[in-house]
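> model this:
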Amino acid sequence: MNLFESVGAGLRDMGSNKGRSVITMVGIVMGVASVVAVLSLMQGGQAQTEAFFEELGGLREIRITNQRTNRIFMTAAERASERLTYRDAQAIRFECPSVSYVDPEISRHLTVSYKDKSFQMRVLGTTGDYVFADDMPVAEGRFITDRDLDTYANVIMMGPTYRDDIFGDEDWHGKQVLVEGIPFTVVGIMEKKEFYFRQGGGERNVLEWFNRGHYIPITTMIRRFTVSDQLGGLEIAAKTVELVPTLMEETRTVLSRRHGVEDFDLESKSEQVQQQAEQQAFFNIVFWVVAFISLFVGGVVIANIMLSSITERIREIGVRKAIGASSRDVFIEFLVEALVIASLGGAIGLVVGYTLVKLMENALAMPMALSPSTLGLAFMTSVAVGIVFGMFPALRAARLDPVEALRYQ
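Numbering: from 1, shown residues only. Below is the predicted model of the structure:
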């Protein structure tokens, strides 16, 4: 009996015992399906997180915030510090070689009026770097320029949502609105920001608040509405992702020298993504263990049913050996049977897993990362299970003594 005859014998035996073959591969099907579904879910979540951070400026960005202090127990240096200011932002721009852009922000809720319409709106004082910091392209017109900052210009840029609320179908070009009674010329409309998460049975644009903003030069904000140049937020970005740690140290040095105390916090988005990736890796391990247990159980089922099959076929094995089949032929026949069961189970598991992925994608409204590598890994795992757990039954069948097998009742 040659190799092809052994393979054919194994396949014929599977065909004549369809019920046993189906039961044997159920564990493999569920294990492979769980691997595909879980890995696709986790990879999809990671991809969505990275995409969300990209919408907010990318991984080069560092956010600087004022440290919370205990107002009762404060050192003299803490009391003397002005906290984060626009002057700090300018110092970082000129003194940190690794910086690409600096985005200082002062936010206030102010009354914005046009004709008979009046709204209490969020107005943000910032600089031209804002469009890079939060990836906010201008759809029409222009954004803040250095000349606007130098001349304390009364110019304003609008988010698309409030543009519609204020002007409706009216052309906005050259129009003036009143901010706390002061005329400001509208010079630009921002592009709509969109990033959707499923919430409460529907999808919500979690970046809609960008579309409801108004933007004016930060120098104008300070002169007209705040007097103080203390910042509500400060974001900076390194020239490359690799320079993020360097920029953090440069920034820490500059601010510590200016404040006399480290009363600020630095947080990089690349660190946040790395922390999430570490958490993701932990959950991946947990789910891999669960999937492995399922595949292990499927492998045990394969081994048990094949051992039972050998017991039923001892005389048949004895006859085959008596008419010339070698131990190698018998071994290959039973190993092929285990391998085919595992492979078919793996293939069906891929189909079931793909179906689960699509169902979860629709139910969660979340993109799933179903990559070829995930499918290949899941399938190869099922094949490996078939080989490992089919080896012992195949060896046992191959080692049967033909004389004793023929005597078996």
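
> how does the protein divide up, domain by domain?
With domains defined by automatic domain parsing, the chain comprises 3-54+275-407, 68-262.

> Between those domains, which has the poorest mean confidence score?
Ranked by mean pLDDT, the domains of the chain bottom out at domain 3-54+275-407, with a mean of 72.

> how about the domains of the chain in a markdown table, adding distance to residue 61 and mean neighbour count?
(Each C-beta comes from the backbone N, C-alpha and C, glycine too.) Output for the domains of the chain, formatted as a markdown table (distance: least, Cβ to Cβ, whole Å; neighbours: other Cβ atoms under 10 Å):
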| stretch | distance to residue 61 | mean neighbour count |
| --- | --- | --- |
| domain 3-54+275-407 | 8 | 18 |
| domain 68-262 | 5 | 17 |
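
> For residue 62, find the nearest of those domains.
Of all the domains of the chain, domain 68-262 sits nearest to residue 62, with 5.2 Å by Cβ to Cβ.

> Centre of the chain to the closest one, how far?
Centroid separation for domain 68-262 versus its chain: 27 Å, with Cα atoms, centre = their mean, to the nearest Å.

> nearest spatial neighbour of residue 32, skipping sequence neighbours?
Once flanking residues are discounted, residue 32 sits nearest to residue 349: 2.7 Å by Cβ to Cβ, 6 or more residues apart in numbering.

> List the contacts of that neighbour.
Taking Cβ atoms under 8 Å, 6 or more residues apart in numbering, we find residue 349 in contact with 28, 29, 30, 31, 32, 33, 35, 36, 378, 379, 382.

> On the three-state scheme, it is what?
Of the three states, residue 349 takes helix under DSSP: H, G, I helix; E, B strand; the rest coil.

> about what we covered before: which pair of the contacts of residue 349 spans the longest distance?
Based on Cβ to Cβ, the longest span within the contacts of residue 349 runs between 30 and 379 and measures 14.4 Å.

> before we move on, back to that, closest one to residue 268 among the domains of the chain?
When the domains of the chain are compared by Cβ to Cβ, domain 68-262 sits nearest residue 268, at 5.1 Å.

> So residue 377 lies in a helix, does it not?
Yes - under three-state DSSP, residue 377 sits within a helix.

> With adjacent residues omitted, what lies nearest to it?
Excluding its sequence neighbours, the residue lying closest to residue 377 (Cβ to Cβ, 6+ apart) is residue 35, at 7.5 Å.

> ok, that neighbour touching residue 380?
No - taking Cβ atoms under 8 Å as the definition, residue 35 is not a contact partner of residue 380, at 10.7 Å.

> where's residue 337 relative to residue 263, distance?
For residue 337, the distance to residue 263 equals 72 Å [Cβ to Cβ, to the nearest Å].

> ok, back up a step: in helices, which of the contacts of residue 349 appear?
Of the contacts of residue 349, the ones assigned to helices by DSSP state H are 28, 29, 30, 31, 32, 33, 35, 36, 378, 379, 382.

> where do the helices sit along the stretch 201-350 of the chain?
Here the stretch 201-350 of the chain has its helices, by DSSP state H, counting those that start in this stretch, at 208-211, 218-221, 244-259, 269-312, 314-322, 327-364.

> Of those, give the one that comes closest to residue 154.
Across the helices of the stretch 201-350 of the chain, residue 154 has its closest neighbour in helix 218-221 (6.4 Å, Cβ to Cβ).

> which residues does the residue lying closest to residue 352 once chain neighbours are set aside contact?
Distances taken as Cβ to Cβ, 6+ apart place residue 33 nearest to residue 352, at 4.0 Å, with adjacent residues excluded. When contacts are counted by Cβ under 8 Å, 6+ apart, residue 33 is found next to 349, 350, 352, 353, 356.

> Pick out whichever of these sits closest to residue 223.
Lowest distance from residue 223 to the contacts of residue 33 (Cβ to Cβ) belongs to residue 356, with 59.2 Å.

> For the closest one, which residues are in contact?
Per Cβ under 8 Å, 6+ apart, neighbours of residue 356: 33, 36, 37.

> now the residue lying closest to residue 346 once chain neighbours are set aside: how far from residue 294?
Nearest residue to residue 346 in three dimensions, chain neighbours excluded: residue 382, at 3.0 Å (Cβ to Cβ, 6+ apart). Relative to residue 294, residue 382 is positioned 11 Å away (Cβ to Cβ).

> Which neighbours do the two have in common?
Here residue 382 and residue 294 share the contacting residues residue 31, scored by Cβ under 8 Å, 6+ apart.

> Distance of residue 89 relative to residue 234?
6 Å.

> How about residue 119?
As judged by Cβ to Cβ, residue 119 and residue 234 stand 27 Å apart.

> SS state for the closest residue to residue 117 other than its chain neighbours?
Of all residues not flanking residue 117 in the chain, residue 166 sits nearest, at 6.0 Å (Cβ to Cβ, 6+ apart). For residue 166, the assignment made with three-state DSSP gives helix.

> Tell me who's in contact with residue 166.
Neighbouring residues of residue 166 by Cβ under 8 Å, 6+ apart: 112, 114, 117, 119, 158, 172, 177.

> May I ask which two of these are separated the most?
Greatest spatial distance among these (Cβ to Cβ): 119 and 172, at 14.9 Å.

> For residue 126, give me the backbone phi and psi.
Note on residue 126: backbone dihedrals following degrees, to the nearest 10 are phi -150, psi -170.

> So in the protein, which strand runs the longest?
Identified as the longest strand of the chain according to DSSP state E is strand 99-114.
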